[in-house]
Each structure stands twice: as structure tokens, then as C-alpha cells.
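1. Need a 3D model of the following:
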Amino acid sequence: MRPIVEFCTNNMHHGTDEVMRRLEENPELDVIEYGCLGNCGQCYMEPYALVNGEIVPASSPDELFEAITAKIKELEEQFAWLDEQPDL
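-> Predicted coordinates:
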């Protein structure tokens with residue numbers, strides 16, 4: 001599983017541009033920036049990103065980085081569990 005982390009250009013005023021740059025350093029992630037993700041209310045209120053299509057919000061850029069990292073670990077654990085299941 002290769003996680004996809006998506007950012008909205010309009011959310012960069014919250015400091016998500018730094019979070020995006022930090023995540024882009026990880027070659028295991030696909031980090032994408034869009035002009036709009038269609039979550040305007042969320043975008044206006046707080047830093048957020050989408051991780052595999054799921055909204056990950058936070059109250060600061062540092063918290064967003066930690067929340068994204070935690071979400072990716074959670075997804076990796078879920079996929080690892082699925083990989084361990086025998087075929088039915």
C-alpha cells in the first residue's frame with residue numbers, strides 16, 4: 001500500500017505547505033497538491049489533508065504532521081492484517 005496524501009492550495013495559509021514539504025521527502029508517499037479539494041468549510045477553519053481520501057484535521061501544522069503520520073501507520077497496520085489473512 002502506497003499512501004496518498006492530498007493538500008489543498010487554499011489551505012496553505014494555515015501552514016500546511018511546510019507539512020507538505022516534509023512529507024514530500026518520504027519516497028514511500030505520494031504527496032499531491034490540488035487547487036481545491038472541495039472541503040471549503042474545513043479548509044477555512046483549520047489545517048487538514050486527505051490521507052487515502054479520508055480527512056485528517058488538526059489545530060496546528062505540527063499536529064497535522066503527527067496526525068497524518070499516525071493515520072498512515074494505522075492504514076499500514078490494517079493492510080498488514082489483511083495480507084496475513086488466508087484466502088477464503
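2. Sketch out the low-pLDDT regions of the chain for me.
-> 81-88 (pLDDT under 70).
3. Now with 90, please.
-> Low-confidence segments of the chain (pLDDT under 90): 1-2, 76-88.
4. would you list every one of the helices in it?
-> In the chain, the segments counted as helices under DSSP state H are 16-24, 40-45, 61-84.
5. Give me whichever of these is most buried.
-> helix 16-24 (a mean of 18; mean count of other C-beta atoms under 10 Å). All C-beta spots, glycine's among them, are computed from the backbone N, C-alpha and C.
6. how far off helix 61-84 does that helix point, in degrees?
-> Helix 16-24 runs at 40 degrees relative to helix 61-84, counting by axes from the mean of the first three to the mean of the last three C-alpha atoms, to 10 degrees.
7. What helices and strands are in contact with helix 16-24?
-> strand 4-8, strand 30-34, strand 48-51, helix 61-84 (3 or more C-beta pairs under 8 Å, 6 or more residues apart in numbering; DSSP states H and E).
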